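Undergrad: Quick one, structure for this:
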Amino acid sequence: MSHPDPGRILQALTAYQLPTSLKAALDLEVFTHIAAGANTPEKIAPLCQASEKGVRVLCDYLTVQGFLLKPNGVYELHPETGIFLDKKSPAYLGSVANFLSHDLMRKNFSDVTALVRKGGAVSHEMMGPDDPIWVEFARSMMPMMAAPAQLAAQKVATPGKAQKVLDIAAGHGIYGLTVAKINPEAEIWGADWANVLEVAKDNAQKMGFADRFHTIPGSAFDADLGTGYDLILVPNFFHHFDEATNVKLAKRFHAVLKPEGVLATIEFVPNEDRVTPPFAAAFAMMMLGGTDAGDAYTFKEFDRIFRAAGFGASEKYDLLPTAQSLIVTRYQ
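TA: Residues are numbered from 1 along each chain as shown. The predicted model follows:
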């Protein structure tokens, strides 16, 4: 007769160690050193300016967690770790730890009991538009958004045709700039806080699109957004607000879109059961801790929001292998 195993419960209650350990490995460039051939604590430690014991414990822990392999007593990178966490890899995503493991982000979940009772955030330290955290977000998260931006742009860019594009909450600007890359006739207007738009402007300069990238500083709720857009991109923005606020936002976007235009929403969209797929479903918890009333919305909920704002039919495309989805909504 088998006995119940509390191991999963104990693992969950000590899971706080994982993000800080992963962040430490990134700070120490452990994955990069292993990729370059340093595969034992004795070899890794001097490169990290760390103790052999500390490196051994960290690397063994990351092996247990599946980020490293340890055949014959030497460390190797898991294939995905090599792609995304080796600093010399073109697909390096390590910078996302600067935001996702930020002290303010972790503080949002210091009292989940209070979050559940309230139904929203209990800490507002990072909510101000001028907070440097948003600049950190724009700089750190761009590598993670490059893939969904490319996949979304392939659906909504119209190469060979003039395309006036509004990128809402542009942040790093990668969504609009990727449309500009695919369609040389596209002109992009990025809307966000002025300090954040400096990051997008810098990226536009680096990508060679500075002459086709324009800025609209201010809030998406009350800034002059202009008019006559062929495409409005709304990447990862609706999830910050409740349904009524999103209807209000969508009405603003409908008003500045051409009758034949398209609203393109990029979001983490859970299935109707709200527990699959895992990352999109779990994203609701991030919104519970980080917003007053935000949520991870299902496709049916987005369709209801957009129809209430005057839009027509919507279609959903999963941007695999990423966890994001694209919802393409017609003017009417």
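
Undergrad: so how far is Thr158 from Phe84?
TA: 32 Å (CB to CB, to the nearest Å). Where C-beta positions appear, they are placed from N, C-alpha and C, glycine not excepted.

Undergrad: Could you do Ala152 as well?
TA: 13 Å.

Undergrad: what about Pro90, which SS state?
TA: Three-state call for Pro90 (DSSP: H, G, I helix; E, B strand; the rest coil): coil.

Undergrad: Tell me how many other residues surround it.
TA: 7 (other CB atoms under 10 Å).

Undergrad: what's the nearest residue to Gln324 if we skip its chain neighbours?
TA: Counting by CB to CB, 6 or more residues apart in numbering, Gln324 lies nearest to Pro148, which is 4.2 Å off, once chain neighbours are set aside.

Undergrad: Next: Leu231.
TA: Val165 (4.7 Å).

Undergrad: In a helix, the one you found, correct?
TA: No. Counting by three-state DSSP, Val165 is not part of a helix but strand.

Undergrad: Which parts of this structure are strands?
TA: 68-69, 76-77, 163-168, 186-192, 213-217, 229-235, 257-267, 314-318, 325-330 (DSSP state E).

Undergrad: Export these to JSON lines and append columns for mean neighbour count.
TA: Formatted as JSON lines, the strands of the chain follow (neighbours: other CB atoms under 10 Å):
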{"stretch": "strand 68-69", "mean neighbour count": "18"}
{"stretch": "strand 76-77", "mean neighbour count": "18"}
{"stretch": "strand 163-168", "mean neighbour count": "26"}
{"stretch": "strand 186-192", "mean neighbour count": "25"}
{"stretch": "strand 213-217", "mean neighbour count": "19"}
{"stretch": "strand 229-235", "mean neighbour count": "24"}
{"stretch": "strand 257-267", "mean neighbour count": "21"}
{"stretch": "strand 314-318", "mean neighbour count": "16"}
{"stretch": "strand 325-330", "mean neighbour count": "21"}
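
Undergrad: Figure out which of those strands is closest to Asn39.
TA: Taking CB to CB, strand 76-77 is the member of those nearest to Asn39, at 6.8 Å.

Undergrad: Any idea how far that closest one is from the middle of the chain?
TA: Mean-position distance between strand 76-77 and its chain equals 26 Å (CA atoms, centre = their mean, to the nearest Å).

Undergrad: mean confidence score for it?
TA: Averaged across strand 76-77, the pLDDT comes to 96.

Undergrad: partners of it, with directions?
TA: Strands adjacent to strand 76-77 in the sheet, as given by DSSP bridges, are strand 68-69 (antiparallel).

Undergrad: And the contacts of the partner strand?
TA: Ile34, Cys59, Leu62, Thr63, Tyr75, Glu76, Leu77, His78, Thr81 (CB atoms under 8 Å, 6 or more residues apart in numbering).

Undergrad: Quick check: closest non-adjacent residue to the fourth one.
TA: Beyond its immediate neighbours in the sequence, the residue positioned closest to Thr63 (CB to CB, 6+ apart) is Lys70, lying 4.8 Å away.

Undergrad: Relative to Val156, how far out is Leu77?
TA: Applying CB to CB to Leu77 and Val156 gives a distance of 35 Å.

Undergrad: and what of Phe209?
TA: 17 Å.

Undergrad: cool, Phe241 as well?
TA: Taking CB to CB, one finds Phe241 at 23 Å from Val156.

Undergrad: Low-confidence stretches in the stretch 201-332 of the chain?
TA: Regions of the stretch 201-332 of the chain meeting the criterion pLDDT under 70 are absent.
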